[in-house]
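S.K.: any chance you could fold what I've pasted below:
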Amino acid sequence: LEGKHALGFGGNSGLGKSIAIGRAEAGADVVPVGRRAEEVRKTAEEIKALGKRTLELTADVTARDQIQAAIDKMVGAMGGIDILVNSAGTTSRAPSLEVTEEQWDRVLDINLKGTWNCCQLVGRVMLEQKHGRIINIASLLSFQSGFEVAAYGASKGGVAQVTRCLAGEWAKHNIAVNAIVPGVFETPLNTQLIHEPARRASILAHTPLKRFGDLEEINGAAIFLASDSARFVTATILSVDGGFLSQGVGP
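M.R.: Now for the predicted structure:
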């Protein structure tokens, strides 16, 4: 990714941070945008330590004016945006009959509308450039049901479809739009959920590799999809899941 300029929303914790650092290690200048300035600062320091350029920018993916301000600052400083990664996300677990309208809206606003906002606003820059790579973070729940997480499942199903639709529409502009489906990685977002004993046992029984993913194991897929090696790859939803989605009836 040497010489590339990469922007990421939600790039300061969990999978998003790992992907941001991985892109810098692969040679890109990386701007990881998040809501919390202190986390942004820490990630930026790690990127600078790798000898790559960055900016310390904050934005909420539900606020289009904040997203646009971050885009304008990056384009002004670096001249363009070659790579976009959308990894901002949240979840809320509750029995479906008890989910409030506010809980539903928050999950959909961050996960789905937030991804759409960033794709659309950065997409305008990429269309003008006539090139770009967009990588969205989908989910196992883009394809499967989940227990007491209907809003999250709906949002991530939508992310998969937005990815496919934009890929088809923007291919003529030399913009590739793909998504990664992480398996179960331990992150600040899901630690409490995946370590509930019954859920942990169920996840591991359904994962052929019999373990959770290590954060850095997501980086290879993100680097590949951002690179020129993937120039004939678009509308692809790439699973990095230890075999979870392929698992049928076990022995």
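S.K.: ends of stretch 159-178, what's the gap?
M.R.: One end of stretch 159-178 to the other measures 10 Å (Cα to Cα, to the nearest Å).
S.K.: quick one: contacts for Ile218?
M.R.: For Ile218, the contacting residues are 15, 18-19, 22, 180, 182, 185, 240, by Cβ atoms under 8 Å, 6 or more residues apart in numbering. All C-beta spots, glycine's among them, are computed from the backbone N, C-alpha and C.
S.K.: any idea which element the closest residue to Val240 other than its chain neighbours lies in?
M.R.: Nearest residue to Val240, sequence neighbours excluded (Cβ to Cβ, 6 or more residues apart in numbering): Ala221, at 5.0 Å. Per DSSP states H and E, Ala221 falls inside helix 219-226.
S.K.: coming back round to it: counting neighbours, what do you get for the residue nearest to Val240?
M.R.: Ala221 is flanked by 20 other residues according to other Cβ atoms under 10 Å.
S.K.: how close does it get to His206?
M.R.: Distance of Ala221 to His206, given as Cβ to Cβ, to the nearest Å: 20 Å.
S.K.: Leu166 and Ala176 touch, don't they?
M.R.: No - in this structure, Leu166 is not within contact of Ala176 by Cβ atoms under 8 Å, at 9.8 Å.
S.K.: now the common contact residues for those two.
M.R.: By Cβ under 8 Å, 6+ apart, Leu166 and Ala176 have these common neighbours: Ile134.
S.K.: okay, these two: which has more neighbours?
M.R.: Legend: neighbour count by other Cβ under 10 Å for Leu166 and Ala176, higher for Ala176 (24 against 21).
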